[in-house]
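Q: fold the stuff below for me.
(2 chains)
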2 protein chains.
Amino acid sequence: MSAHRSLSWLFTLGLLATLPVAFAGGIRGTGDLGLVIERTTGSVRILETSGNRFLARVEGLGDLSHASVVYSRDQRYAYVFGRDGGLTRVDMLEARVDRRVVQAGNSIGGAISQDGSLVAVSNYEPGGVRVFDAATLEPVADLPATFGDGRRSKVVGLVDAPGNRFVFSLWEAGEIRVADLSDRANIVVTRYEGIGVNPYDALVTPDGRYYIAGLFGEPGLAVLDLWHPGEGVRRILSDYGPGDEPLPVYKMPHLEGWAVAGGRAFVPAVGAHELLVVDLESWDPVARIPLQGQPVFAIARPDGRHVWVNFALPDNDRVQVIDTESLAVVSELEPGPGVLHMEFEPRGEEVWLSVRDENRVLVYDTDSLAVLTELEAATPSGIFFTARAHRTGL
Amino acid sequence: MSAHRSLSWLFTLGLLATLPVAFAGGIRGTGDLGLVIERTTGSVRILETSGNRFLARVEGLGDLSHASVVYSRDQRYAYVFGRDGGLTRVDMLEARVDRRVVQAGNSIGGAISQDGSLVAVSNYEPGGVRVFDAATLEPVADLPATFGDGRRSKVVGLVDAPGNRFVFSLWEAGEIRVADLSDRANIVVTRYEGIGVNPYDALVTPDGRYYIAGLFGEPGLAVLDLWHPGEGVRRILSDYGPGDEPLPVYKMPHLEGWAVAGGRAFVPAVGAHELLVVDLESWDPVARIPLQGQPVFAIARPDGRHVWVNFALPDNDRVQVIDTESLAVVSELEPGPGVLHMEFEPRGEEVWLSVRDENRVLVYDTDSLAVLTELEAATPSGIFFTARAHRTGL
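A: Okay, the predicted model is just below:
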């Protein structure tokens, strides 16, 4: 039978539409898709949250030992930022690498602009931000993190903000910078110097208003109000910092996952066994919640009623659940060694956890805390759902 | 040429994948799709917000004179609730009616459960809520709004809430009811009686916590805290109500569109030319913002910085934009006669408006307020984007 005849036959059976999408039964919606990073194999698993299953594996993404993901506004394409400077555009429907560039020697994360047209990557080496066209991955802008006598700083805490802006922090320079790319031909970068010693990560609140950088070298956090950027950067929580907790830091917290719920932010403390709670209107500290280990991620369930926290070694086999009203730990889970990340389904009914050292991904019911599904994956780390496409700062 | 040969030829050119999706170039993401209701022709336009264009028209949806839409969790299917009791499942990718039932004589809206498995419809005639399997549209439950001596009440303000609950209000009965469908075999309905005279619509806050019903027959609003349902319903804004504004009501406001921004709700007043602002923590009134007409929808831009308001006759040709910090009107637009609805793109950079009496849909840049795109549609009313699939209460 010729290839043409064979295809005709398949079409007659209504099967042809499945061919381009090897894994998923052809044409399908993309609202319930996501990726799990397999950190040691340079691969990702494409997943579906409606059926709680993996659909495909895509390989050839380079060093994914500290990888993150953003999505195109149509939720078809994932942009995977690898540690080796690789920026890979994955077609979620055809389960393949669509485009890939190695744009720097050592990178730490990325963001996609409000309108979905630009992807930015923050680099350690050479220090700066590079911006690419989201459709073609052609370079659009290079924003070197030059400071002082011409040195370049590592860049951390890169996020998107309304107005096609990208906001980021400079580790060695102690700066926050805002790059306005609303006009590609006239990019404006505003520098905020002296914001504090060694900003190590940052987040933007879900409304895109406040950019908050954590400081490793001195007490407090640095806050920039993006509605009023002319007012400059102010310091909050100045009584919290490296001085008052002598514990060694086993793993730096990730701030992009900071939880905002009920007008408060829940902030993992650096090195300390606690979660800091701060009021987002007054910026006053509300409470310090004792935890059983050094927190890494603190992530709010989408309804804001609970915050889930995972930990650095030696407590990275467990998770604590905080009630945002009582500010008490209400549940403890032991998913297994190497709980690296958690991702809630968009309306919060289930949460996916990666358990790296057991090569497993677990899906929990967030109400009963029962394990609903267990999936095998190779050293899973970050989990990212397509619903992020519609949110600011994720 | 035989049909088979013709298909083979198309496939050789790489075009065959477009066949099942008549409009959209084959396999594609669904994150940037949406629908516009064409209210007098029983049809909907499928749209794409990345290219700001219509992709297809789907007909045969019955009476859409007061229609609304929710989406499946994979964002492939739209559930369109028609005024005639029709519930239609539209396949957004194949641009066709997938399933359709006429489930009542007169219905007013619907909701989809947190897990996406159930679709509920609120009916005027016969008064009550009917629940259907989201995949098959087979009936799952019938919840008649029976009260007093066996009469049935019209049902309004139906929303979803976490825990696969549906919450709704009874116009004649003056009740709020919470139906817990987390176990289909054991549906529990909790009644809150005497909540006020003639609740006319309601909303749930974006976190799914507070259900707020507007009252037509007496002052104030009724609030139920779904985190603490045992505490019952309380009244807020008791100094606001039908007594203190003698204006006739040209159109009842829609409450599902109430804006929540910066810890405050922006509530269209019934019959009065003003927007009520209430603090969501204390429930105290914050301000009354004077408007140029009777508000219908008050909708927050996704970043919460502005609230857009449209109006009843004779002011339904314009829109006012409120700044949520200064609480002042900062812009006025005149899109044209019959501005019926507004829908923001998920990250807020653009907004779509329907201008019914000119058979136009306009897309505005929400920063410059420039009109970016103008599209023709037949008496357009509601506009609904697939991003709603990931949000509670929409």
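
Q: ok, residue A:66 - contacts?
A: The contact partners of residue A:66, by C-beta atoms under 8 Å, 6 or more residues apart in numbering or on different chains, come to A:83, A:108. Placement of C-beta: from N, CA and C, glycine included.

Q: could you do residue A:152 as well?
A: Contact analysis of residue A:152 by C-beta under 8 Å, 6+ apart lists A:126, A:127, A:128, A:144, A:145, A:146.

Q: got a winner among the residues you listed for most neighbours?
A: Scoring the contacts of residue A:152 on neighbours with other C-beta atoms under 10 Å in any protein chain shown, the highest-scoring entry is residue A:145 at 24 neighbours.

Q: check contacts around that residue.
A: Applying C-beta under 8 Å, 6+ apart, we find residue A:145 in contact with A:127, A:128, A:129, A:152, A:153, A:154, A:155, A:170, A:173, A:177.

Q: so which strand or helix has the last one?
A: Yep, that's residue A:177 we're talking about. strand A:175-180 (DSSP states H and E).

Q: that strand - what's its average pLDDT?
A: In this model, strand A:175-180 has an average pLDDT of 98.

Q: the helix or strand that comes right after it near chain B at all?
A: The C-terminal neighbour of strand A:175-180 among helices and strands, as given by DSSP H and E, is strand A:188-192. No: figure legend: strand A:188-192 not in contact with chain B (C-beta under 8 Å from any C-beta of the partner chain); closest approach 14.8 Å.

Q: list the buried residues of strand A:188-192.
A: Neighbour counts over strand A:188-192 (16 or more other C-beta atoms under 10 Å in any protein chain shown) mark residue A:192 as buried.

Q: now do stretch A:380-394
A: For stretch A:380-394, by 16+ other C-beta under 10 Å, it's A:380-394.

Q: now, which of the residues you listed sits nearest residue B:37?
A: Relative to residue B:37, the closest of those is residue A:390; by C-beta to C-beta it sits at 21.6 Å.

Q: got the contact list for the nearest residue to that closest one once chain neighbours are set aside?
A: In space, and not counting its chain neighbours, residue A:390 is closest to residue B:346: 3.5 Å by C-beta to C-beta, 6 or more residues apart in numbering or on different chains. Counting by C-beta under 8 Å, 6+ apart, residue B:346 makes contact with A:73, A:389, A:390, A:391, B:302, B:385, B:387.

Q: which one of those is nearest residue A:318?
A: Among the contacts of residue B:346, and counting by C-beta to C-beta, the member closest to residue A:318 is residue A:391, at 27.6 Å.

Q: contacting residues around the closest residue to the closest one other than its chain neighbours?
A: Setting aside the residues directly before and after it, residue A:391 is nearest to residue A:206 in space (C-beta to C-beta, 6+ apart), at 6.8 Å. Contacts for residue A:206 (C-beta under 8 Å, 6+ apart) come out as A:260, A:391, A:392, A:393.

Q: residues in contact with the third one?
A: Listed by C-beta under 8 Å, 6+ apart, the contact partners of residue A:392 are A:114, A:160, A:161, A:162, A:204, A:206, A:207, A:208, B:302, B:303, B:347.

Q: list the contacts of the third one.
A: Neighbour list for residue A:161: A:114, A:167, A:178, A:204, A:208, A:211, A:226, A:392, A:393 [criterion: C-beta under 8 Å, 6+ apart].

Q: how much space separates it from residue B:35?
A: 29 Å (C-beta to C-beta, to the nearest Å).

Q: residue A:92 contacts residue A:30, doesn't it?
A: Yes: shown here, residue A:92 and residue A:30 form a contact pair, counting by C-beta atoms under 8 Å, at 6.1 Å.

Q: give me the common contacts of these two.
A: Joint contacts of residue A:92 and residue A:30 (C-beta under 8 Å, 6+ apart) are A:75, A:76, A:386, B:29.

Q: so can I have a markdown table of these showing secondary structure, distance to residue B:240 and pLDDT?
A: Converted to a markdown table, these look like this (DSSP: H, G, I helix; E, B strand; the rest coil; distance: C-beta to C-beta, whole Å; pLDDT from 0 to 100):
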| residue | secondary structure | distance to residue B:240 | pLDDT |
| --- | --- | --- | --- |
| A:75 | coil | 41 | 97 |
| A:76 | coil | 46 | 97 |
| A:386 | helix | 41 | 98 |
| B:29 | coil | 44 | 96 |
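
Q: mark which of those are buried, thanks.
A: Among the shared contacts of residue A:92 and residue A:30, those classed as buried by 16+ other C-beta under 10 Å are A:75, A:76, A:386, B:29.

Q: need those residues in CSV (columns: distance to residue B:100).
A: Below are those laid out as CSV (distance: C-beta to C-beta, whole Å):
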residue, distance to residue B:100
A:75, 27
A:76, 28
A:386, 28
B:29, 26
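
Q: which one is residue A:232 nearest to, not counting chain neighbours?
A: Using C-beta to C-beta, 6+ apart, the closest residue to residue A:232 is residue A:192 (6.4 Å).

Q: ok, the one you found touching residue A:177?
A: Yes: applying C-beta under 8 Å as the test, residue A:192 and residue A:177 come out as touching, 7.1 Å apart.

Q: the bottom helix or strand of chain A by mean pLDDT?
A: helix A:3-12 (a mean of 39; mean pLDDT, DSSP states H and E).

Q: immediately after that helix, which helix or strand?
A: As assigned by DSSP H and E, the chain's next helix or strand after helix A:3-12 is strand A:33-38.

Q: can I get that next one in CSV? Just the C-alpha atoms.
A: Only the C-alpha atoms of strand A:33-38 are listed here, as CSV (Å, rounded to 0.1, in the frame of the first residue of the first chain):
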residue,chain,number,x,y,z
LEU,A,33,-1.6,20.9,30.1
GLY,A,34,1.6,21.3,31.9
LEU,A,35,5.3,20.3,32.1
VAL,A,36,7.4,18.5,34.6
ILE,A,37,11.2,19.2,34.4
GLU,A,38,13.3,16.1,34.5
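
Q: ok, and what's touching it?
A: Against strand A:33-38 from outside (C-beta under 8 Å, 6+ apart): A:44-49, A:54-55, A:57, A:64, A:67, A:69, A:75, A:78, A:80, A:90, A:92, A:343, A:352, A:354, A:361, A:377-386.

Q: which ones among those residues come in contact with chain B?
A: Okay, of the contacts of strand A:33-38 touching chain B (C-beta under 8 Å from any C-beta), that's A:48, A:49, A:75, A:92, A:386.

Q: closest to chain B among the residues you listed?
A: Using C-beta to the nearest C-beta, residue A:75 comes nearest to chain B of these, at 3.0 Å.
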